[in-house]
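**Q** Return a 3D structure for these sequence lines:
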Amino acid sequence: MVLSQQQNSKKQDEQLLALSVIEVVQEADEVRTFRLDNSKGIFPIHKPGMFAKVCLNIDGNEVWRSFSISSSPLQPEKIDLTIKRNSHGQVGNYFFEQIRPGCRLLLKGPLGRFYYDQEQYREPLVLLCAGIGITPMMSIVRYLKDLNQNRLCYLFYGARTHKDIIFDEETRQLITQMPGFHYCLTLSQPAPHWLGYCGYLNFEFMQSKVSQLLASRFFLCGPNRFNQDFEEQLLEAGVPQTLIHSEQFHKTRRPQ
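**A** Sure thing, here's the model as predicted:
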């Protein structure tokens with residue numbers, strides 16, 4: 001039987017792969033990046049924004065969870081899964097307590113329809129995210145850097161406190177390395193000494209920074225309400241639905 005290209009891709013996605021953890025990076029108080037060794041090319045090259053499904057054996061039970069890939073597709077020798085610990089979740093706690101360099105993880109992927117395609121998408125990019133929703137956005141931003149293209153890209157990131165900020169040092173460095181890259185961070189619960197933007201990330205703030213609103217392509221990643229509010233307001237402003245991509249962690253994925 002001859003499989004179509006789509007069927008072959010689906011069959012490949014369903015294969016269970018084993019990769020070793022080579023590094024664990026503390027990104028924030030409750031956020032770590034688990035870096036997997038893909039030097040042998042076992043995990044297929046992903047598009048920036050896609051995710052992987054991870055299978056864990058917890059107390060004799062097979063438990064699956066999905067995590068966005070935060071690394072660039074142009075550095076395929078490593079696969080980064082950046083995970084936030086949920087004190088009430090099963091899998092996040094397991095990762096933080098049990099997974100160390102040398103451990104092997106079983107996973108499937110890459111998966112998902114939420115991704116940036118540089119061959120098709122030529123518009124300026126506006127990446128809107130909150131909390132751990134920054135992980136697929138970092139894959140996109142890192143990919144743009146690796147492409148060495150001066151693509152106009154805005155990254156809007158809403159975090160709670162200074163201790164919750166993820167990838168801040170790297171992202172600020174990218175401002176100097178990528179002329180077309182703009183980074184706007186706002187904190188909803190800032191400390192008294194915080195000198196940056198304050199408050200929840202909202203449409204008015206984003207609109208004040210983006211000059212080509214109706215000609216841009218938008219990627220949204222955060223809690224359900226965050227995505228819904230931005231999508232509704234973008235549509236009301238006249239942005240075509242085809243230019244809006246949304247990934248809702250808390251709607252399609254269980255607590256981690």
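**Q** domain assignment for the protein?
**A** 5-111, 125-252 (automatic domain parsing).
**Q** With distance to residue 117 and mean pLDDT as new columns, can those be given to me in a markdown table?
**A** The way it works is simple: take the backbone N, C-alpha and C, and place the C-beta from them, glycine included. Putting the domains of the chain into a markdown table (distance: least, Cβ to Cβ, whole Å; pLDDT from 0 to 100) gives the following:
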| stretch | distance to residue 117 | mean pLDDT |
| --- | --- | --- |
| domain 5-111 | 6 | 90 |
| domain 125-252 | 10 | 93 |
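**Q** now those as JSON lines including distance to residue 119 and mean neighbour count?
**A** Rendered in JSON lines, the data for these read as follows (distance: least, Cβ to Cβ, whole Å; neighbours: other Cβ atoms under 10 Å):
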{"stretch": "domain 5-111", "distance to residue 119": "10", "mean neighbour count": "17"}
{"stretch": "domain 125-252", "distance to residue 119": "11", "mean neighbour count": "17"}
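**Q** okay, the ones you listed in a markdown table with distance to residue 118 next?
**A** Output for the domains of the chain, formatted as a markdown table (distance: least, Cβ to Cβ, whole Å):
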| stretch | distance to residue 118 |
| --- | --- |
| domain 5-111 | 9 |
| domain 125-252 | 7 |
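**Q** What are the phi and psi values at residue 203?
**A** Phi and psi for residue 203, reported as degrees, to the nearest 10, are phi -60, psi -40.
**Q** Can you tell me how far the nearest residue to it once chain neighbours are set aside is from residue 188?
**A** Nearest-residue entry for residue 203: residue 233, 4.2 Å, with adjacent residues in sequence omitted and distances by Cβ to Cβ, 6 or more residues apart in numbering. Taken as Cβ to Cβ, to the nearest Å, the spacing of residue 233 relative to residue 188 amounts to 18 Å.
**Q** What are the contacting residues of stretch 36-48?
**A** The contact list for stretch 36-48 (Cβ atoms under 8 Å, 6 or more residues apart in numbering) reads 12, 17-22, 52, 69, 72-73, 76-81, 105, 107, 109-110, 115-117, 136, 139-140, 142-143.
**Q** Which parts of this structure are helices?
**A** Across the chain, reading from the start of the chain, the helices by DSSP state H fall at 5-13, 91-98, 134-147, 168-177, 203-209, 224-237, 249-252.
**Q** Need the contact partners of the fifth one.
**A** By that I understand helix 203-209. Contact partners of helix 203-209, identified using Cβ under 8 Å, 6+ apart, comprise 126, 128, 154, 156, 182, 184, 186, 197, 199, 213, 229-230, 233-234, 237.
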